[in-house]
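*Asks:* sequence? don't have it. structure:
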């Protein structure tokens, strides 16, 4: 009888120790939930820019366009004393998928340089105009990249108003094609037409689409001076629609119809289903938080059992008392 009491007492002490550790972990998880952002700071951010700027076609390639979007998203976190936005170096490299590139720093420096050069925009007419670059300086230190926007154009980037388009950075930075990024950006800018009875959808002429895609008027024109519409549609519009439908969470079921006048295509009419970027952000954060908490709870339960098995060195008779739990 005395032996059973000792065994029972020993087991209860071991179980209480494990339970205390479980409670410590549980409290730690609770504190993480309240104080730590479990999302990567470059993910699930909403980008805002003026409709005027969204219409301006830049000469960015796909990587530079992503850097531009990430820089815009960083504006919401404010600027440092040098009037620059700050981007975490390690997170950016991971975000762009450059981790395994041995020349990643050289590659990124070159892309940041081209980001400045290709950020040139033009407004107005030849008689009255405003021309300049959106980004005037980029630099880095051991931990961060820094981007400085042109003070003259920052109102087009910072101020929130009804004439501003909002994008989800996880959408635009997931696209591989520049055509997908620019079509997505402009469709969200013009989404108001989808609910306006005066419009049958979002209509873009061929000339407008060429401007959106950053193409010249001579692109896709054959040597006989005839426009190669099939190749144009296949390599730009169709490619962009396929990628947007596969990857975007704000735009789904994107499609288009051709509006013809006689045998000529007058315009392309786009339609899609829309989900507000803020709703997507809140849903994703909630899902990730629940996943993290579920994983932490599972790890805690496993630790409780392992702690008893690994640290309590008694006979099998004692260990068999686990069935009491």
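*Replies:* Yes, it's here. All of these numbers come straight from a predicted model, not from anything done at the bench.
*Asks:* so where do the helices sit in this structure?
*Replies:* Assigned by DSSP state H, the helices in the chain fall at 2-35, 51-55, 62-74, 89-96, 104-117, 155-158, 169-172, 178-189, 206-212, 229-232, 238-247, 277-311, 316-319.
*Asks:* Thought residue 74 was touching residue 80, still the case?
*Replies:* No. No contact is recorded between residue 80 and residue 74 when judged using C-beta atoms under 8 Å, the distance being 10.7 Å. C-beta coordinates here come from the backbone N, C-alpha and C atoms, glycine included.
*Asks:* and those two? which has more neighbours close in?
*Replies:* residue 74 (24 against 11; other C-beta atoms under 10 Å).
*Asks:* Report pLDDT for that one.
*Replies:* Residue 74 is assigned 85 on the pLDDT scale.
*Asks:* tally of neighbours for the residue lying closest to it once chain neighbours are set aside?
*Replies:* Across the structure, with C-beta to C-beta, 6 or more residues apart in numbering as the measure, the residue nearest residue 74 apart from its sequence neighbours is residue 85 (3.9 Å). Using other C-beta under 10 Å, residue 85 has 22 neighbouring residues.
*Asks:* Tell me if I'm right that residue 85 and residue 144 touch.
*Replies:* No. Taking contacts as C-beta under 8 Å, residue 85 lies outside contact range of residue 144: 9.8 Å.
*Asks:* Quick one: end-to-end length of stretch 72-92, please.
*Replies:* Looking at stretch 72-92, the gap from its leading to its trailing residue is 14 Å under the measure C-alpha to C-alpha, to the nearest Å.
*Asks:* Same check on stretch 232-241?
*Replies:* Its start and end residues considered, stretch 232-241 measures 13 Å (C-alpha to C-alpha).
*Asks:* Just the buried positions in that stretch, please.
*Replies:* Neighbour counts over stretch 232-241 (16 or more other C-beta atoms under 10 Å) mark 232-233, 236-237, 239-241 as buried.
*Asks:* List the contacts of that stretch.
*Replies:* For stretch 232-241, contacts defined as C-beta atoms under 8 Å, 6 or more residues apart in numbering pick out 177, 179-180, 182-184, 206, 209, 213, 215, 219-220, 254-256, 268.
*Asks:* Can I get the buried ones among the residues you listed as something I can paste into ChimeraX?
*Replies:* Typed into ChimeraX, the next command selects the buried ones out of these (criterion: 16+ other C-beta under 10 Å):
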select :177,179,180,182,183,184,206,209,213,215,220,254,256,268
